[in-house]
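Enquirer: Sequence and predicted model, in that order:
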Amino acid sequence: MIRSSVPRLRLVTDAASEPVTLSDAKAYCRVDISDEDALITSLIKAARRHVEKETGLALMTQAWTAVLDKWPQGEGQGLGGPWWDGVREAPISLVTPTTVLEIPKRPFQAVTSVKLRDAYGTLTTVDSGVYFTEVSDMRGRVSRVLGQIWPVVILAQTGAIEIAFTAGFDASPYSGVPDDLQTAIKIMVKHWFDNREPIAAGSISPVPGHVDQILKHWRSARLA
């Protein structure tokens, strides 16, 4: 069985609010009546999700789980080195990963828990004193505390490690969604509001070009 140390992301709880309010979107669309409120509300959510899909960002606070089959391999030789596949039947003192865990969702806020799944499917929470988190360029990293060890994944099934975390702009130290991303959402809402009929192939771009230019910066920084 091939086990992967590349995290697979699962959205647990979506955003409780949107980065653009209904009133701001209506003002941008120049709509004064309430008859279209339901439509515009749905367009705001669709636009936010489009931005998130294109950039890999979480705009508002969301709960996520990163799932791994094994711990990442370490650098060099020795414990945690390239020979180690992350899953062994051995004493913890003999097999322990040394690398940090990268959280592949920006902007990172905090880790809620790290859990291990055994061969029977039972999840056990790793003591939070074993690890600490740090943030660089909105990316989160979970590192082992000096003198501590990561628990060994022994004969576990796939999805043996689950890291629950929160991500999003609307919490300290980020304090809010950047203005250019809010503008991109409002442009898309107006574009879709004004073009409700199915878009004929090749006649109109589904997303205005200037929206793509706004997202390009955030998209290019996705893997930087």
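Expert: All right, it came through fine. On a predicted model such as this, the values are computed, not experimentally measured, just so you know. Numbers count the residues shown, from 1 in each chain.
Enquirer: which ones are touching the nearest residue to residue 123 once chain neighbours are set aside?
Expert: Spatial nearest neighbour of residue 123, excluding adjacent residues (CB to CB, 6 or more residues apart in numbering): residue 115 at 4.5 Å. (C-beta placed from N, C-alpha, C; glycine too.) In this structure, residue 115 makes contact with 123, 124, 125, 126, 161, 162, 163, 164, judged by CB atoms under 8 Å, 6 or more residues apart in numbering.
Enquirer: cool, residue 182 as well?
Expert: By CB under 8 Å, 6+ apart, the residues touching residue 182 are 19, 20.
Enquirer: Against residue 131, how distant is it?
Expert: 34 Å (CB to CB, to the nearest Å).
Enquirer: how many other residues sit next to residue 127?
Expert: Residues within reach of residue 127, counting by other CB atoms under 10 Å, total 11.
Enquirer: Residue 217: what secondary structure?
Expert: Local secondary structure at residue 217 is given as helix here, using DSSP: H, G, I helix; E, B strand; the rest coil.
Enquirer: where does it land on pLDDT?
Expert: As predicted, residue 217 sits at a pLDDT of 86.
Enquirer: Please identify the helix or strand for the residue lying closest to it once chain neighbours are set aside.
Expert: With CB to CB, 6+ apart as the criterion, residue 217 has its nearest non-adjacent residue at 7.8 Å, and that residue is residue 180. Secondary-structure assignment from DSSP states H and E places residue 180 in helix 179-194.
Enquirer: what packs against the longest helix belonging to the chain?
Expert: For the chain, the longest helix by residue count, based on DSSP state H, is helix 37-55. When contacts are defined as 3 or more CB pairs under 8 Å, 6 or more residues apart in numbering; DSSP states H and E, helix 37-55 packs onto helix 22-29, helix 179-194, helix 209-220.
Enquirer: That helix to helix 179-194, inter-axis angle?
Expert: Computed by axes from the mean of the first three to the mean of the last three CA atoms, to 10 degrees, the angle separating helix 37-55 from helix 179-194 equals 130 degrees.
Enquirer: ok, back up a step: now do the helix holding residue 180: distance to the chain's middle.
Expert: Distance, stretch centre to chain centre, for helix 179-194: 22 Å (CA atoms, centre = their mean, to the nearest Å).
Enquirer: So for it, mean pLDDT?
Expert: For helix 179-194, the per-residue pLDDT averages 94.
Enquirer: So which bits of that helix are buried?
Expert: Neighbour counts over helix 179-194 (16 or more other CB atoms under 10 Å) mark 181, 182, 184, 185, 186, 187, 188, 189, 190, 191, 192, 193 as buried.
Enquirer: Could you dump those into a markdown table and include distance to residue 57?
Expert: Output for those, formatted as a markdown table (distance: CB to CB, whole Å):
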| residue | distance to residue 57 |
| --- | --- |
| 181 | 8 |
| 182 | 13 |
| 184 | 11 |
| 185 | 12 |
| 186 | 17 |
| 187 | 17 |
| 188 | 15 |
| 189 | 18 |
| 190 | 21 |
| 191 | 20 |
| 192 | 20 |
| 193 | 23 |
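Enquirer: All set, thanks.
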